[in-house]
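Asks: Test case, fold it:
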Amino acid sequence: MDLSMSEIKAFNATVKCGNYTRAAADLGVSQPAITVQIRKLEARFDSALFERINNGVRLTATGQALYKITRQYPDLELSIKALARPGAASQPVVRVATASPLIFMPLFAAFYQHYPDATLNITSGTTNECREMLHEREVDIGLYPAAKEEKGISRLSYHSHCLTAVVPHNHELANLPTVSVQQLADYPLIYSRSNAYTQYLVDKAFTGCDVEPKHHIHMDSRYDTCEAVVYGLGIGFALENDVRPDPRYRMVRVAESDEEVVEHVVWLKSRSAMPGIRNFVDVAIQTRSSALSG
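Replies: Sure thing, here's the model as predicted:
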């Protein structure tokens, strides 16, 4: 079976964009051209690859199986172009997803010092969201706490820090070296999103001590959490280097969560040779010593 790159491009673009019209715009072709390529592809498999839904399409079981293979083709195409035009590697385009932009800002700056003409597309999200984007090839690099080794994943430790309670500067707990979950349970607490890694650590600390906390506010953003603390809405939580120091609040380590959380630079092993990924990882290796000591 000889699949053409035009068919694969049309198929991948339709998956990414969700309908033929947006896929055509993404590739700079007409919608009928996309339709023709998809029909050719479906004829090869004698099976529908998409089913229609409101305002778009979604993959069938056959389409899902095919996409697991074809989503790797853009890597092949880029690798061939990089081999044919070595100079293009000096102007890489790198898509990054990070759960801790503040921690990795020095790495972004170092990358631009090495590659001033590069394009760096940065998306923020929870650890789980960043991991999913990496696995789905929506980004090239993930920057998050990779808690365990995963098959097909490469990772580089970059920075470590601990869970802290964020308390108002004049709070009775503010000047303690550490605070226990039993102490925290006496106060109203501000929680993060349930799928956030910080919230996972908070839940683990309380559950491990069989303590039932009082939380009455949920915040999506760690920065909003800190502002809520300043306004007396409760005690929040953050990994100690995820927010900037501020005289209006103190960050006190949680005694039951004393294990260091290691932030990693993460990428798919199968994409290690991709120019932009290789460039970014090389810079991370050069800069991680100062980051780990900082």
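Asks: gap between the spatially most central residue of the chain and residue 102?
Replies: Closest residue to the average C-alpha location of the chain: residue 130 at 2.0 Å, with C-alpha atoms, centre = their mean. Note on residue 130: its distance to residue 102, by C-beta to C-beta, to the nearest Å, is 15 Å. All C-beta atoms are positioned from the backbone trio N, CA, C, and that covers glycine.
Asks: list the buried ones in stretch 198-212?
Replies: For stretch 198-212, a neighbour-count test (16 or more other C-beta atoms under 10 Å) marks 198-202, 205-206 as buried.
Asks: Show residues contacting it.
Replies: 163, 180-182, 185, 191-193, 213, 222, 237-239, 242, 254, 256-257, 261 (C-beta atoms under 8 Å, 6 or more residues apart in numbering).
Asks: Please repeat the previous calculation with a cut-off of 6 Å.
Replies: 163, 181, 185, 191-192, 213, 237, 239, 254, 256-257 (C-beta atoms under 6 Å, 6 or more residues apart in numbering).
Asks: What segments of this structure are helices?
Replies: Counting by DSSP state H, the chain has helices at residues 5-17, 20-27, 31-45, 61-70, 73-84, 101-114, 127-135, 181-184, 197-208, 222-230, 275-293.
Asks: least reliable of the ones you listed going by mean pLDDT?
Replies: Ranked by mean pLDDT, these bottom out at helix 73-84, with a mean of 65.
Asks: List the contacts of residue 195.
Replies: Applying C-beta under 6 Å, 6+ apart to residue 195 gives the contacts 126, 128.
Asks: so what pLDDT did it get?
Replies: pLDDT recorded at residue 195 is 85.
Asks: about what we covered before: mind putting the buried residues of stretch 198-212 into a markdown table with distance to residue 108?
Replies: Below are the buried residues of stretch 198-212 laid out as a markdown table (distance: C-beta to C-beta, whole Å):
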| residue | distance to residue 108 |
| --- | --- |
| 198 | 22 |
| 199 | 26 |
| 200 | 26 |
| 201 | 25 |
| 202 | 28 |
| 205 | 31 |
| 206 | 34 |
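Asks: quick one on the thing from earlier: quick one: contacts for the residue lying closest to the residue nearest to the centre of the chain once chain neighbours are set aside?
Replies: Distance criterion C-beta to C-beta, 6 or more residues apart in numbering; nearest residue to residue 130, sequence neighbours excluded, is residue 97 at 4.0 Å. Shown in contact with residue 97 (C-beta under 6 Å, 6+ apart): 123, 125, 130, 133, 139, 142.
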